[in-house]
Structure formats: C-alpha cells, structure tokens
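A.B. asks: quick one: sequence and predicted model below, then my questions.
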Amino acid sequence: FVAKFFVDRPAPSRGTFDELFLAMVVTVLIALVVSHGVTQYPLILLLLIGLLMFWAYYLFQDPRWNFFAMILMIAVLLVPYMGIIHPAAALLLGKGLMVSGIGAVVIFWLMHQILPEPIIEPDGSSAQRRDVSLSEPLRVGNALKALAISFPVIVYFYYFQASGALLTLAFIGILSLQLTSPGSIKLSIFLLLTNMVGGILAVIAYELLVVAPWFPFLLAMMTLFAWLFAQKLYLEPHKAPVYAGIFSAMLVVFGSVISGGGKEIDVSFYTRIGQIFLASIYLVLVAWLVDRHASVSGSR
C-alpha cells in the first residue's frame with residue numbers, strides 16, 4: 001500500500017483520505033456480511049463476489065478511484081474466503097486491511113511532511129491526457145472482459161480451498177485489475193515478470209533466513225532491501241513502478257510465510273510461489289487469447 005501511494009500519488013490530498021475512508025467502510029461491510037452466514041450459501045456468495053469484482057474493475061479505470069478499487073478487490077476476494085474457514089477470521093482480516101490502509105496513509109503523509117516534494121506545474125498535454133476518460137460502454141466492456149477471465153480461477157480456489165490460497169487470490173486480484181487498462185496484455189506480462197522477480201528475491205531472503213534464523217539478522221536484511229529499493233525508486237523515477245512492484249511482491253510473499261512455523265514452512269512457501277506463477281500464467285494467456293479473438297473478429 002505504501003509503495004502504491006508513493007508511485008501513484010504526488011502528494012497527500014483530500015481524495016487520498018476519501019478513498020481510504022470508503023475502502024474501510026466497504027471492507028467492514030464485507031466482513032460483517034460474511035460473518036453473518038452468507039458463506040453457507042455458495043452460489044449467493046459467488047454471485048456477490050462476482051458483482052463486487054465487476055464494480056472494482058469498473059472503478060479501477062477511473063484514476064480517482066484506483067486505490068479504492070484495489071483495496072475493494074483484495075477485500076472481496078480474501079475476506080469471504082477467510083469467512084469460509086471461520087466467520088470470526090473474516091472480521092480479523094477486515095480489521096487488518098483497515099489498519100494496513102491507515103498505516104500506509106499515515107506513513108505517506110508523514111514522509112511528505114518531512115521531505116516535501118517540489119511543486120511542478122504539469123504541461124498542457126499531460127493535463128489534457130488526465131482529463132480524457134473512457135466512455136461508459138467501454139468501461140463496462142473492459143470490466144466484463146476482466147471478470148470473464150479471472151472469475152473461473154476464483155471459483156476454482158473457492159471450490160477446492162487449496163492450501164495457501166489467500167496469497168494467490170490477492171495476486172490474482174491485483175494482476176487482473178490491469179486487464180481493464182489499454183495495452184492490458186503487455187501490462188499483465190510486465191506485472192507477471194515483476195512478481196516473478198519479487199518472488200525470486202523472497203526465495204533468496206527466505207534461504208538466507210534459514211541459514212541464520214536470528215531476529216536481528218532478519219531486521220538488518222529487510223532494512224538493507226528497503227534501503228536499496230528506496231534508492232532505486234527515487235534515483236530512477238521513470239522505473240519507479242517496476243521497483244515498487246518487485247518490492248511489494250517480495251514483501252507479500254516473504255511476509256506471509258515468516259509468520260508461520262513448523263516443518264511444513266518450506267513446502268508452504270514453495271507451494272505458494274508455484275500457485276502464484278500458475279495463476280498469473282493463466283490470466284495472461286487467457287487475456288491474450290480473448291484479445292486475439294476480438295481483433296480477428298473485428299478485422300472480419
């Protein structure tokens with residue numbers, strides 16, 4: 001969340017806080033609905049998930065609602081899945097997402113107070129590009145396409161309740177949001193590659209921690225990674241989305257495993273890496289097939 005704020009927002013604004021507030025409200029509502037028994041009706045649950053996913057895809061195409069759509073997508077995929085396991089866990093996960101979002105905004109605001117960004121007036125061409133918005137039918141069509149591509153794999157994970165599915169669902173939700181953007185295939189491949197690099201770095205960090213399972217070493221290693229990526233983000237701003245994506249992927253994959261324990265941790269770690277890779281390949285491949293079919297039909 002913090003990395004996304006620094007990449008997508010030049011400075012804190014009223015819109016940033018409005019998006020966060022609405023995302024918190026929606027997350028709590030989803031958690032409350034799930035915790036009150038909707039998981040006992042699988043068809044109704046999947047229908048609600050599909051409708052909310054469509055809403056997230058639709059909103060994501062408007063830059064003003066980009067962050068809200070991302071949190072909505074994560075919440076609608078993860079909170080109901082956790083509610084299937086245990087209703088009380090859905091409330092805990094909703095609370096965790098709220099705390100994460102608030103923490104991200106606080107850090108974002110605090111760093112801009114300590115190190116304010118210089119005010120740069122945008123030129124007319126860039127301002128004009130930002131004012132251009134997609135038409136309503138096109139946004140609906142893009143949202144339906146993204147839903148048709150991603151929903152089957154979501155149903156698969158909900159039906160079989162595969163081990164480690166929470167992390168994979170989060171990655172599917174984030175990656176599938178890009179299917180609504182122009183040049184979505186190239187962007188999806190780009191995100192797939194950044195996630196793979198982030199996963200490789202998470203494997204390296206995990207293996208180093210296995211060699212030296214010492215908490216001060218963990219803190220020093222993560223501080224080093226954060227320092228290196230912070231340098232890249234600010235010294236090479238034109239590549240900031242690349243470095244932010246890699247670092248976020250590394251943190252999510254690595255952080256989801258080090259909180260666990262037991263002899264199954266190795267199997268769990270590499271199983272999640274494999275699930276993310278296969279799910280990402282599926283999204284990119286099916287999206288490419290859909291776009292190719294659409295281009296062939298259009299040429300006819």
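C.D. replies: Looks like it arrived, so ask away.
A.B. asks: tell me which helix or strand in the chain has the weakest average pLDDT.
C.D. replies: helix 124-131 (a mean of 43; mean pLDDT, DSSP states H and E).
A.B. asks: just checking, next helix/strand downstream of that one?
C.D. replies: helix 136-160 (DSSP states H and E).
A.B. asks: could you give me the buried positions within the next helix or strand after that following helix?
C.D. replies: Next along the chain after helix 136-160, taking DSSP H and E as the criterion, comes helix 165-177. Buried residues in helix 165-177, counted by 16 or more other Cβ atoms under 10 Å: 165-177. Bear in mind the C-beta positions are built from the backbone N, C-alpha and C, glycine included.
A.B. asks: how about stretch 223-240?
C.D. replies: Phe225, Phe229, Lys232, Leu233, Ala240.
A.B. asks: go ahead and confirm the fourth one touches Pro241.
C.D. replies: Spelled out, that is Leu233. No. Between Leu233 and Pro241 no contact is recorded; they are 9.6 Å apart, counting by Cβ atoms under 8 Å.
A.B. asks: can you tell me the helix or strand for Ser248?
C.D. replies: helix 240-258.
A.B. asks: buried residues, that helix. List them.
C.D. replies: Quick answer for helix 240-258 (16+ other Cβ under 10 Å): 240-254, 256-258.
A.B. asks: same question for stretch 194-213.
C.D. replies: Going by 16+ other Cβ under 10 Å, stretch 194-213 has these buried residues: Thr194, Asn195, Met196, Val197, Gly198, Gly199, Leu201, Ala202, Val203, Ala205, Tyr206, Leu209.
A.B. asks: and the fourth one, what does it touch?
C.D. replies: If a contact means Cβ atoms under 8 Å, 6 or more residues apart in numbering, then Val197 has Ile246, Ala249 as its contacts.
A.B. asks: can you show me the helices along the stretch 201-300 of the chain?
C.D. replies: Remark: helices assigned in the stretch 201-300 of the chain by DSSP state H, counting those that start in this stretch are 215-235, 240-258, 265-299.
A.B. asks: weakest of the ones you listed by average pLDDT?
C.D. replies: Ranked by mean pLDDT, the helices of the stretch 201-300 of the chain bottom out at helix 265-299, with a mean of 69.
A.B. asks: so for the chain, the centremost residue is which one?
C.D. replies: Ile174 (3.4 Å; Cα atoms, centre = their mean).
A.B. asks: you'd agree that residue is up against Ile74?
C.D. replies: Yes. The criterion here is Cβ under 8 Å, and Ile174 meets it with Ile74 at 7.3 Å.
A.B. asks: still on that earlier bit, looking at the buried residues of stretch 223-240, which is nearest Leu115?
C.D. replies: Leu233 (12.6 Å; Cβ to Cβ).
A.B. asks: give me the low-pLDDT residue ranges for the stretch 1-150 of the chain?
C.D. replies: The model of the stretch 1-150 of the chain has pLDDT under 70 over residues 3-4, 6-10, 117-133.
A.B. asks: please enumerate the helices of it.
C.D. replies: 2-8, 14-35, 42-60, 66-85, 87-114, 124-131, 136-160.
A.B. asks: look up how far Ser13 lies from Gly198.
C.D. replies: Computed as Cβ to Cβ, to the nearest Å, the Gly198 to Ser13 distance reads 28 Å.
A.B. asks: and what of Met196?
C.D. replies: In terms of Cβ to Cβ, Met196 sits 33 Å off from Ser13.
A.B. asks: next: Asn142.
C.D. replies: 26 Å.
A.B. asks: can you check Gly50 too?
C.D. replies: 32 Å.
A.B. asks: next one: Ala240
C.D. replies: The value you get for Ala240 to Ser13, if Cβ to Cβ is used, is 19 Å.
A.B. asks: ok, Gly255 next?
C.D. replies: 29 Å.
A.B. asks: ok, Thr39 next?
C.D. replies: 37 Å.
A.B. asks: cool, and Val290?
C.D. replies: According to Cβ to Cβ, Val290 and Ser13 sit 36 Å apart.
A.B. asks: neighbour count winner among these two?
C.D. replies: Val290 (17 against 10; other Cβ atoms under 10 Å).
A.B. asks: measure that one to Ala148 for me?
C.D. replies: Taking Cβ to Cβ, one finds Val290 at 8 Å from Ala148.
A.B. asks: can you name the residues that contact Gly83?
C.D. replies: Contacts of Gly83 (Cβ under 8 Å, 6+ apart): Ala31, Val34, Ser35, Val38, Thr39, Ala89, Ala90.
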